[in-house]
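> Fold the following.
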Amino acid sequence: MGPAEPADFGRFESRPNRELITDPVRVHRMLQNLWERRVLLSAKPEGDEDWYSTAILDVNRSAGVFVLDELAPDSGHRRVAIGTRLRVMGVLGGVPTRFSAEVVDVAMQDDIAFYRVAMPREVEYLQRRAFFRAYVPRSLELQAQMALEEEELEVTGRLLDVSLGGFGVQLAPDCPLSPLDVVDVRALDLPEGPAIRCTAEIRYMQQEHGHKWIRAGARFIDLDKVVERSLLRAIYCLEREQIRKRPPDD
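Residues are numbered from 1 along each chain as shown. I've put the predicted structure just below:
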């Protein structure tokens, strides 16, 4: 078994839609998602050429560490010691993600090695958009009400744009959501007709330039056909409004 090949990060440096998660709560949630979904990761000691396979075994926010499985094959594990900085990459829900973190302990259990690694200060990921988005004018004051049911967290934000693939929303700076969270959208306001209810995955979050607010993008999951038709009508409505407000051509 040879060294692992990292996921599709070949153009990571050149992508204009890279985003950083720096809030510790969101960093923890990102690692939690990578762990709970058993995502296979590629990792290497900084400065090395070869990548190796690994996975997150546990996340301990209170201790400020997460547990990483030993690098495979064994030639990778032999390069890891306390103080080693690892570069880690993976793909979760189609979103390439990477971070660097320092090994604080190397231990063994049942003849299998694992590493306790300090929580990274930032996690970097790529945004991807595949659908046309219709923008929501501020005058409509449409909202999106979302919830993380397992943690009994509810969040409400101002709807910024909507498409058949997802929506954008403006959130408070202390919003507890994080990229890759799956939320129950309990009410997504539309310009025509009643609000819809659905499930969505948070795809990115970023600080709005010059503002304290957080801008987030979400992707719909398994939309019902009836909901899709409601969304399509809403998009047409928003487009008509935008066209109506455009100044006539000279």
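
> Where does pLDDT dip in the chain?
For the chain, applying pLDDT under 70 flags the ranges 1-18, 93-94, 126-132, 149-151, 208-210, 242-250.

> Mind naming the longest helix for it?
Ranked by residue count, the top helix of the chain under DSSP state H comes out as helix 225-245.

> who touches it?
Contact with helix 225-245 is made by 132, 134-137, 162-164, 190-193, 196-198, 223, as judged by C-beta atoms under 8 Å, 6 or more residues apart in numbering. (Each C-beta comes from the backbone N, C-alpha and C, glycine too.)

> quick one: which of those is nearest residue 31?
residue 198 (26.6 Å; C-beta to C-beta).

> Look up how far residue 68 lies from the closest one.
35 Å (C-beta to C-beta, to the nearest Å).

> so what's the residue nearest the centre of the chain up against?
For the chain, residue 179 is the residue whose C-alpha lies nearest the centre (C-alpha atoms, centre = their mean; 2.6 Å). By C-beta under 8 Å, 6+ apart, residue 179 lies in contact with 19, 21, 26, 30, 95, 125, 202-205.

> repeat that for 7 Å
21, 30, 125, 202-205 (C-beta atoms under 7 Å, 6 or more residues apart in numbering).

> among those, which are in strands?
Members of the contacts of residue 179 lying in strands (criterion: DSSP state E): 21, 125, 202-205.

> chain center to stretch 194-207, what's the gap?
Relative to its chain's centre, stretch 194-207 lies at 12 Å (C-alpha atoms, centre = their mean, to the nearest Å).

> domains for this structure, by residue range?
As assigned by automatic domain parsing, the chain contains the domains 12-126, 134-245.

> Could you pull out the helices in the chain for me?
Per DSSP H, the chain carries helices over the ranges 24-36, 74-77, 225-245.

> Save the ones you listed as a markdown table, and put in mean neighbour count and distance to residue 154 too.
A markdown table is the format used below for these (neighbours: other C-beta atoms under 10 Å; distance: least, C-beta to C-beta, whole Å):
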| stretch | mean neighbour count | distance to residue 154 |
| --- | --- | --- |
| helix 24-36 | 20 | 16 |
| helix 74-77 | 16 | 43 |
| helix 225-245 | 14 | 21 |
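
> can I get these in a markdown table with distance to residue 119?
Putting these into a markdown table (distance: least, C-beta to C-beta, whole Å) gives the following:
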| stretch | distance to residue 119 |
| --- | --- |
| helix 24-36 | 6 |
| helix 74-77 | 22 |
| helix 225-245 | 38 |
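
> Identify the single longest strand in this protein, thanks.
The chain, longest strand under DSSP E: strand 95-109.

> List the neighbouring strands of it plus their orientation.
Partners of strand 95-109 in the sheet, by DSSP bridges, are strand 85-92 (antiparallel), strand 112-118 (antiparallel), strand 123-126 (antiparallel).
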